[in-house]
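Chemist: Need the 3D shape of this:
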Amino acid sequence: MKKFISTSAIVLFSLLAAAGAQRKIAVASYPWNGSTVSQMISDLKKIGVSEVFMFGNLKMGEGEFPASVFNYNMAPEQMKAAKKVFDENKIRIVGFGHLHCKTEAEIKTAFEFAKFFGMDFLSVESPKDTLPFYVKYSEKFGIKTGLYTHPIESKGAPYNTPERLCSALSENAGVCAFPDSGHIWCSGFDVAEILKKLDGKICAMSLNERAADKNCAPFGKGVIPLDAILSELDRQGFNGWIVVMQATKGAPLDIVAPSVEFLRARPAK
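Modeler: A predicted model of the protein is given here:
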């Protein structure tokens with residue numbers, strides 16, 4: 001009997017340890033551009049994903065205001081209706097972006113919106129001189145500010161080089177990084193090496209795979225060393241959201257589903 005209990009305890013411990021090592025995976029809404037929140041939710045359910053990173057360009061497609069566009073400028077009654085749709089479908093919004101707010105009033109509105117939906121972080125590309133406002137409201141609402149990394153050639157992207165990103169982080173201790181592996185790689189940088197420079201400052205990871213021609217590809221089917229990136233995150237003890245950030249012109253799940261499975265097969269170490 002004691003042997004059975006002991007063995008059972010070991011098995012239970014192993015299962016719990018394995019469960020605890022699973023990565024926090026969310027999917028970005030980007031592949032559903034031109035579709036609706038309703039269709040996105042339906043697709044995510046098919047692959048067992050319950051966390052999403054939202055962009056502000058999708059119509060709801062269902063609920064009391066199906067034509068309303070999901071963003072921080074929604075009227076209060078539209079926000080309530082949208083939250084009901086997400087809640088009833090058991091889908092949690094972990095983050096929203098990419099913000100380009102330039103005034104304190106707009107930044108405050110964005111944080112109030114994020115708080116209402118229970119988000120963990122906001123993806124930001126606002127000018128560097130606005131970051132003190134982001135720090136202020138990050139502290140007030142308990143929601144992180146993640147500076148997003150578009151590629152070097154992106155005009156108006158203030159954090160598109162390691163130097164610009166690290167400078168903003170060093171001058172604004174209350175903000176974090178939300179690095180995108182695809183954009184960093186397309187800019188000619190070693191992604192894992194850039195992550196080392198951001199050690200302890202990453203609030204979420206935007207994970208993207210690219211083919212040799214720089215088009216998006218399912219995870220593991222491209223040329224970006226994703227395993228090295230994951231290993232570096234593990235070395236740092238990273239426990240934030242890994243956002244599957246893919247762009248596709250075809251059926252969203254054709255690229256999203258295998259990417260999610262890639263991550264599920266690689267628990268944190």
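Chemist: Endpoint to endpoint, stretch 208-221 covers what distance?
Modeler: From its first residue to its last, stretch 208-221 covers 11 Å (Cα to Cα, to the nearest Å).
Chemist: List the buried residues of it.
Modeler: Residues of stretch 208-221 classed as buried: 208-210, 216-220 (neighbour count, 16 or more other Cβ atoms under 10 Å). (Each C-beta comes from the backbone N, C-alpha and C, glycine too.)
Chemist: got TSV for these, with distance to Ala265, pLDDT and secondary structure too?
Modeler: Shown next, in TSV, are the buried residues of stretch 208-221 (distance: Cβ to Cβ, whole Å; pLDDT from 0 to 100; DSSP: H, G, I helix; E, B strand; the rest coil):
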residue	distance to Ala265	pLDDT	secondary structure
Asn208	18	97	coil
Glu209	14	97	coil
Arg210	20	96	strand
Cys216	20	95	strand
Ala217	17	95	coil
Pro218	13	96	coil
Phe219	10	97	coil
Gly220	9	97	coil
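Chemist: Among those, which one sits closest to Gly34?
Modeler: Cys216 (16.1 Å; Cβ to Cβ).
Chemist: and the closest residue to Asp120 other than its chain neighbours, how many neighbours?
Modeler: Excluding its sequence neighbours, the residue lying closest to Asp120 (Cβ to Cβ, 6 or more residues apart in numbering) is Val94, at 5.1 Å. By the criterion of other Cβ atoms under 10 Å, Val94 has 21 neighbours.
Chemist: Please apply the same query to the one 3 residues further on.
Modeler: When neighbours are defined as other Cβ under 10 Å, Gly97 has 23 of them.
Chemist: Please report how far Val223 lies from Pro162.
Modeler: To Pro162, Val223 is 20 Å away according to Cβ to Cβ, to the nearest Å.
Chemist: repeat for Cys203
Modeler: According to Cβ to Cβ, Cys203 stands 17 Å off from Pro162.
Chemist: Do you know the pLDDT at the residue nearest to Lys46 when sequence neighbours are not counted?
Modeler: Excluding the flanking residues, the one nearest Lys46 by Cβ to Cβ, 6+ apart is Leu253, at 6.7 Å. Note for Leu253: predicted pLDDT of 95.
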